[in-house]
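Chemist: fold the following, please.
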Amino acid sequence: MAAASLDLHRTHYENFPVASVLLPARLRQPVAAIYAFARSADDFADEGDLPAAERLALLDGYRRELDAIAAGTATAHPVFRRLRPVIAEYRLPLQLFRDLLDAFSQDVVKTRYADYAQLLDYCRRSADPVGRLLLHLFGAATPENLKNSDAICSALQLINHWQDVGIDAAKPVPRIYLPQDEMARFGVADETVLRRTASADFLALMRFQVDRARALMLDGAPLGRALPGRIGLEIRAIVAGGLRILEKIEAVGYDVFSRRPMLDAFDWPRVMWRAL
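Modeler: Numbers count the residues shown, from 1 in each chain. Coordinates of the predicted model:
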């Protein structure tokens, strides 16, 4: 749940940590180890041109490494040699890593979401585990903090989806994360998205998605005040960055096909001012 690039990690595992300079120094290596796991597993699902069966096999290899940690047997993969001592020291729940792998495997085979509940369940496994892992690192995994973290992480995942509607539609196996029932309600067909057509109905649908993502982000925002010092500042910066992306989607009239809204160097002073 940490910001590290100017566009919420455009190229790799968009919304999550790369040991941001705002984090306490003692946490940067543990955070980097978690990020290396998440980034590499996400790449198995998304990068290159491997067939689906091979992608799933690579993710299964990561599951076997987690099973080895659970059983107390040796791990061979360099990502896990780095991650294993972090899991042990901070008693990180292995199920959170398994949830991430389940979400990445789902990305290999699932290209449509029937409704918002389905999409939120995907966010629960693809995004929320990272925030929960960080709260365990911080020693702050209280029920209230976990609830607010989930809201922030799910909102960040949704924001990334809405940034990337056009990019996801143009993949070799196109994905549409917009809920199918809401597309039907707004009169938006799959072909509208796949052809990257910014119709009036599509723009209205995107406005609805932006408003809901903002409300979810604001629901979780109290976490940034609940946690102390640089950790709280880090979270407030993440929230401010996500909200700024939503403003930029609005600024292009919700036409994410013509231009991918992303943070640039001019946005960060505003983000940090809001965080402070």
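Chemist: do you know how far the residue lying farthest from the centre of the chain is from residue 64?
Modeler: Going by CA atoms, centre = their mean, the residue of the chain most distant from its centre is residue 73, 30.6 Å out. Going from residue 73 to residue 64 by CB to CB, to the nearest Å gives 10 Å. (Each C-beta comes from the backbone N, C-alpha and C, glycine too.)
Chemist: now do residue 194
Modeler: Counting by CB to CB, the gap from residue 194 to residue 64 is 37 Å.
Chemist: can you check residue 188 too?
Modeler: Counting by CB to CB - residue 188 and residue 64 are separated by 41 Å.
Chemist: which one's more surrounded, these two?
Modeler: The neighbour comparison of residue 188 against residue 64 (other CB atoms under 10 Å) goes to residue 188, with 23 against 12.
Chemist: and the more buried one, how far is that from residue 214?
Modeler: For residue 188, the distance to residue 214 - CB to CB - is 20 Å.
Chemist: give the other helices and strands that the helix or strand encompassing residue 156 contacts.
Modeler: Taking DSSP states H and E as the criterion, residue 156 maps to helix 143-163. Helix 143-163 is packed against helix 116-126, helix 128-138, helix 200-220, helix 223-226, helix 229-251, with contacts defined by 3 or more CB pairs under 8 Å, 6 or more residues apart in numbering; DSSP states H and E.
Chemist: which is the next helix or strand following it?
Modeler: helix 165-169.
Chemist: and that next one, what does it pack onto?
Modeler: For helix 165-169, the packing partners by 3+ CB pairs under 8 Å, 6+ apart are helix 190-194.
Chemist: quick one: contacts of the helix it packs on?
Modeler: Contact partners of helix 190-194, identified using CB atoms under 8 Å, 6 or more residues apart in numbering, comprise 112, 165, 169, 174, 176, 178, 183, 197, 199, 201-202.
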